[in-house]
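> Next comes the sequence, and after it the predicted model I'd like to discuss.
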Amino acid sequence: MAETITIIDDRTGKKVTVPIRDGVFASTALRELDPDLRMYDPAFLSTAACASSVTYIDGEKGILRYRGYPIEQLAEKSTYLEVAYLLLNGELPNAEQLKKWTYDVTHHTMIHENMRKRFVDGFHYDAHPMGMFISAIAALGTFYPESKEIFTPGALDKQVLRLIAKVPTIAAMCYRFSMGLQFVSPNNSMSYSENFLNMMFRLGDDHTVDPRLTKAMDLLFILHADHEQNCGTTAMRVVASSHADPFSAMSAASSALYGPLHGGANEAAINMLHEIGSIDNVESFIKSVKAGNGRLQGFGHRVYKNYDPRAAIIKKAAHDVFDVTGKNPMLDIALKLEEVALSDDYFISRKLYPNVDFYSGLIYQALGFPIDMFTVLFAIPRTVGWLSHYNELLKDDAQKISRPRQWYTGVDQRDYVAINKRQ
Ligand code: ACO
């Protein structure tokens, strides 16, 4: 069977034959038929905007791999910092590389005092932590003027290291500001996830972090580290394509993540469970969703037409957390919701399954995070995914500044009308 596609322009009879590789063909070949011909694909449903070797997803089969490694194996055997190294470098680190990487990240966790005292203190007391996080990332870049030197050897690596190391510090700082709590400095003797939980929740000298909760946090970080060309990563790539510095690009990516159709869904999902309130209300809630009154939050995915493998891992891990914290009373409502939805033809026919956000909020809540921190918890580990794509884009010769074309549907040329002659 020929691995080509032939496109015929019936207006002119011209045709072009293009090779298909891995199920992809270069649609720019259409220019040979007519340079003014455009393809209309408003949400990139059939468009691959880049070639990438970071993450593989098979949405029909529910497969997710980072750099070829199945997410289930990484979730079971790896750590977040090891996965971060893998995503950035393409290979798992050896013992020496991991030691150096861990040391480097651990020793870049501090942030400039002005960030806390002058920048964060300027927010209103009830500012949403994700709004603070987005602005703090952009502001952080101004402390490193050399962050603009993205093509100077080694310079970008330093910013990548800074961002990965500092995002937990920034996230915890935003939380403690909103709670009116004193800021807790990073602790170099702790692991990435333990340090984050310590900066978040430390209340006195005798505070300790339960290792089972640290493990759960680390697992959640692994599961959220990358997810190929989602809305946030696409924002990262589009901004990076103008050669903006990684802080500015990441602020844009975080903004995209904030939306309730994307990372904001974990917040929306737990709010939905609270709204449902009891197992008895599940059936009527599903009925109202089917009638068009809102969506089942944490359900459905552009790519997964099967169970999101991350949701399956989180669902299992939730019990380990609940063993320590006690069961989240919302769990039973979530389980019932899933059961009812997965046996309902509306959800079956549309291939709507729980996504990563359906169960993650239950763990976050059990760990003690307030609901408005949930999307920040997604942004912390996604930092490495965004930066891996940023790096990849800058090295890709096929990439140019992102500049889609449009289908103009407005009025044709007309003459200016004086104000006293307008209707
Ligand atoms: N609840 C009810 N119906 C849904 C849901 C849902 N959660 N998701 C999709 N549908 C329905 C749509 O109404 C549509 O039905 P129709 O064909 O009768 O019009 C059909 O399923 C297809 O939906 P689309 O919106 O075309 O699917 P799309 O791929 O554009 O959207 C999205 C994907 C945004 C994730 C969607 O499923 C959704 O809104 N889910 C809820 C929000 C959510 O959980 N987002 C997190 C996604 S994971 C992440 O970003 C980390």
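The structure has been received and is ready for your questions.
> Could you use CA atoms for every contact and neighbour count after this?
Will do.
> Look up how far F133 lies from the closest residue to A172 other than its chain neighbours.
Closest residue in space to A172, ignoring its immediate chain neighbours: M200 at 4.9 Å, by CA to CA, 6 or more residues apart in numbering. Between M200 and F133 the distance is 14 Å, computed by CA to CA, to the nearest Å.
> Please apply the same query to A398.
Distance from A398 to F133, by CA to CA: 32 Å.
> What of P168?
Using CA to CA, P168 is found at 10 Å from F133.
> out of A398 and F133, which sits in the busier spot?
Legend: neighbour count by other CA atoms under 10 Å for A398 and F133, higher for F133 (27 against 9).
> ok, back up a step: what's the helix or strand for the residue nearest to A172?
helix 192-201 (DSSP states H and E).
> Mind giving me the packing neighbours of that helix?
helix 155-179, helix 211-223 (3 or more CA pairs under 8 Å, 6 or more residues apart in numbering; DSSP states H and E).
> Tell me what angle the last one forms with helix 192-201.
Interaxial angle, helix 211-223 versus helix 192-201 (axes from the mean of the first three to the mean of the last three CA atoms, to 10 degrees): 110 degrees.
> Equivalent analysis for the longest one, please.
Between the axis of helix 155-179 and that of helix 192-201 there is an angle of 30 degrees, by the same axes, to 10 degrees.
> thinking again about what came up before, out of the helices and strands packed on helix 192-201, which gets nearest to K316?
Closest approach to K316 among the helices and strands packed on helix 192-201 (CA to CA): helix 211-223, 10.8 Å.
> And for that closest one, what's in contact with it?
Contacts with helix 211-223, where a contact means CA atoms under 8 Å, 6 or more residues apart in numbering, come from 71, 74-75, 79-80, 83, 193-194, 197, 310, 314, 317, 320-321, 324, 360, 367, 378, 380-382.
> Straight-line length of stretch 177-189, end to end?
Length of stretch 177-189, first residue to last, CA to CA: 24 Å.
> So which residues on the protein come close to the ligand?
When proximity is defined as CA under 6 Å from any ligand atom, the chain approaches the ligand at 261-263, 265, 289, 295-302, 350, 355.
> Looking at those, point me to the pair that's furthest apart.
G263 and R350 (21.3 Å).
> Between these two, which is the more surrounded one?
Shown here are G263 and R350; by other CA under 10 Å, G263 has more neighbours (26 against 10).
> List the contacts of T383.
163-164, 167, 225, 250.
> For the ligand, state which of the residues you listed is nearest.
Nearest to the ligand among the contacts of T383 is A225, at 11.0 Å by CA to the nearest ligand atom.
> how is this structure carved up into domains?
Domain segmentation of the chain under automatic domain parsing yields 4-58, 67-262+374-394, 265-367.
> right, and these - which one's nearest Y416?
Across the domains of the chain, closest to Y416 is domain 4-58 (CA to CA), at 28.2 Å.
> Now do that closest one: distance from first to last residue.
Terminal-residue distance, domain 4-58 (CA to CA): 22 Å.
> need the contact list for the residue of the stretch 51-200 of the chain found nearest the ligand.
The ligand sits closest to G59 of the stretch 51-200 of the chain, with a gap of 11.4 Å, by CA to the nearest ligand atom. For G59, the contacting residues are 303-306, by CA under 8 Å, 6+ apart.
> before we move on, what about V340?
By CA under 8 Å, 6+ apart, the contact set of V340 is 282-283, 286.
> element containing it?
Short version, using DSSP H and E: V340 is in helix 330-342.
> Need the CA coordinates for the helix or strand just after that helix. CSV is fine.
For helix 330-342, the succeeding helix or strand toward the C-terminus, using DSSP H and E, is helix 345-349. Extracted in CSV, the C-alpha atoms of helix 345-349 (Å, rounded to 0.1, in the frame of the first residue of the first chain):
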residue,chain,number,x,y,z
ASP,A,345,-25.0,5.7,26.8
TYR,A,346,-24.5,9.5,26.7
PHE,A,347,-20.9,9.0,28.1
ILE,A,348,-20.3,5.6,26.4
SER,A,349,-21.2,6.8,23.0
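> ok and the helix or strand just after helix 345-349 relative to helix 211-223, angle-wise?
Next along the chain after helix 345-349, taking DSSP H and E as the criterion, comes helix 356-367. On the basis of the same axes, to 10 degrees, helix 356-367 is oriented at 160 degrees to helix 211-223.
> other SSEs contacting helix 356-367?
Here helix 356-367 touches helix 265-276, helix 309-325, helix 330-342, going by 3+ CA pairs under 8 Å, 6+ apart.
> circling back to that earlier point, mind checking which of the contacts of V340 are in helices?
Using DSSP state H, 282-283, 286 are the members of the contacts of V340 that sit in helices.
> For S52, state which of those residues is nearest.
I286 (38.0 Å).
> The residue nearest to that closest one when sequence neighbours are not counted: neighbour count?
In space, and not counting its chain neighbours, I286 is closest to A341: 7.2 Å by CA to CA, 6+ apart. Using other CA under 10 Å, A341 is surrounded by 22 other residues.
> quick thing: my sequence starts at 597, can you match it?
Yes, from this point I'll number from 597; that puts the last item at A937.
> Check the stretch 897-1019 of the chain for the residue nearest the ligand and tell me.
Taking CA to the nearest ligand atom, the stretch 897-1019 of the chain has R898 as its residue nearest the ligand, at 3.4 Å.
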